[in-house]
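**Q** Curious how this folds, go ahead:
(one chain, ligands or ions: 2)
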Amino acid sequence: MSARGRFITLEGIDGAGKSTHHAWLVDYLRGKGHPVVSTREPGGTSLGEKLRGLLLVEPMHLETEALLMFAARREHLAEVIEPALARGHWVVSDRFTDASFAYQGGGRGLAWEKLRQLEQWVQGELQPDLTLLFDLDAGLARQRLQGTGNAPDRFEREQQEFFERVRAAYHRRAEECATRFYLIDARLSIEKIRESLEERISSDC
Ligand SMILES: Nc1ncnc2c1ncn2[C@@H]1O[C@H](COP(=O)(O)OP(=O)(O)OP(=O)(O)O)[C@@H](O)[C@H]1O
Ligand SMILES: Cc1cn([C@H]2C[C@H](O)[C@@H](COP(=O)(O)O)O2)c(=O)[nH]c1=O
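**A** Ligands and ions are numbered 1, 2, ... in the order given. A predicted model of the protein is given here:
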């Protein structure tokens, strides 16, 4: 039987650089010979991607939003994450549960305790082995997103204060789960961030 694989998540406010470094990290780990499942939330399964389509577009009650995020996550865990880890594969996910604490908790004001209950229900004791938190000022993140020329989704249209609360909630979560978090200064150049990721990850692979 193969050893359980490693579970890495990337987190941060919209525009902090997760997707850029997610793609690089997956290639880097594959280059080292690891079997890697590259995935994202909300999404990662056929049902999860349909829920993502709703979540990023449809206005909805805050608790509906939180429940749909966790419903998509339950499917993601059952269909993709748990089987891959059991096969000994690495799973690299662009966002996971910390995003629910940051966005639904910090951004929208849902009680931390309700989120903890959902977390316990949906994932039990399973947590990422390593969470890379891309930390960036909300104003700079917005400028970067505007530079992409892509139409903003329902979250990306939120005010700067919303993202300041999201960022603060990520910091709270990083303090609460300090052993698995690795904070990245996302103001640095893409090259410098890669160097720091390489240094952090090379001890694991
Ligand atoms: N360190 C960096 N320095 C300068 N620009 C960067 C850096 N990292 C990413 N970018 C650029 O910022 C933009 C947003 O990056 P990216 O799409 O990776 O962010 P994201 O966190 O995945 O955003 P979202 O959550 O909205 O998908 C892109 O144009 C990307 O090339
Ligand atoms: C998992 C998760 C995500 N969100 C939000 C955060 C982002 O604005 C979008 C996803 O878009 P991305 O371009 O793929 O980053 O969804 C959330 O509010 N809660 C969550 O649990």
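
**Q** longest helix of this protein?
**A** helix 160-176 (DSSP state H).

**Q** tell me how far the helix or strand following that helix is from the chain's mean position?
**A** Next helix or strand after helix 160-176 toward the C-terminus (DSSP states H and E): strand 181-185. Its chain's C-alpha centre lies 13 Å from the corresponding centre of strand 181-185 when counted by CA atoms, centre = their mean, to the nearest Å.

**Q** Name the nearest residue to the one residue sitting closest to the centre of the chain, sequence neighbours excluded.
**A** With distances taken as CA atoms, centre = their mean, Arg95 lies nearest the centre of the chain, 1.4 Å away. What sits nearest to Arg95 in space, not counting adjacent residues and going by CB to CB, 6 or more residues apart in numbering, is Glu41, at 4.4 Å. Bear in mind the C-beta positions are built from the backbone N, C-alpha and C, glycine included.

**Q** Contact partners for that neighbour?
**A** 48, 69, 72-73, 76, 93-96, 99 (CB atoms under 8 Å, 6 or more residues apart in numbering).

**Q** Quick check: it vs Gly139, distance?
**A** The gap separating Glu41 from Gly139 is 25 Å, by CB to CB, to the nearest Å.

**Q** can you check Arg200 too?
**A** Distance from Arg200 to Gly139, by CB to CB: 27 Å.

**Q** what do you get for Leu10?
**A** On the measure of CB to CB, Leu10 and Gly139 end up 21 Å apart.

**Q** Can you get me a residue count around the closest residue to Asp185 other than its chain neighbours?
**A** If the residues on either side of it in the chain are set aside, Asp185 comes closest to Asp135, at 6.3 Å by CB to CB, 6+ apart. Other residues near Asp135 come to 18 when the count uses other CB atoms under 10 Å.

**Q** Let's see the pLDDT reported for Asp135.
**A** As predicted, Asp135 sits at a pLDDT of 98.

**Q** For it, grab phi and psi.
**A** In terms of degrees, to the nearest 10, the main-chain angles of Asp135 are phi -100, psi 120.

**Q** please renumber so the chain begins at 808
**A** Let's use 808 as the start, then, which means that last one is Asp942.

**Q** hang on, isn't it packed against Leu995?
**A** No. Using CB atoms under 8 Å as the test, Asp942 is too far from Leu995 to be in contact (10.4 Å).

**Q** can you give me the helices in this protein?
**A** With DSSP H as the criterion, the chain has helices spanning 825-838, 853-862, 869-883, 889-893, 904-906, 919-930, 945-955, 967-983, 997-1009.
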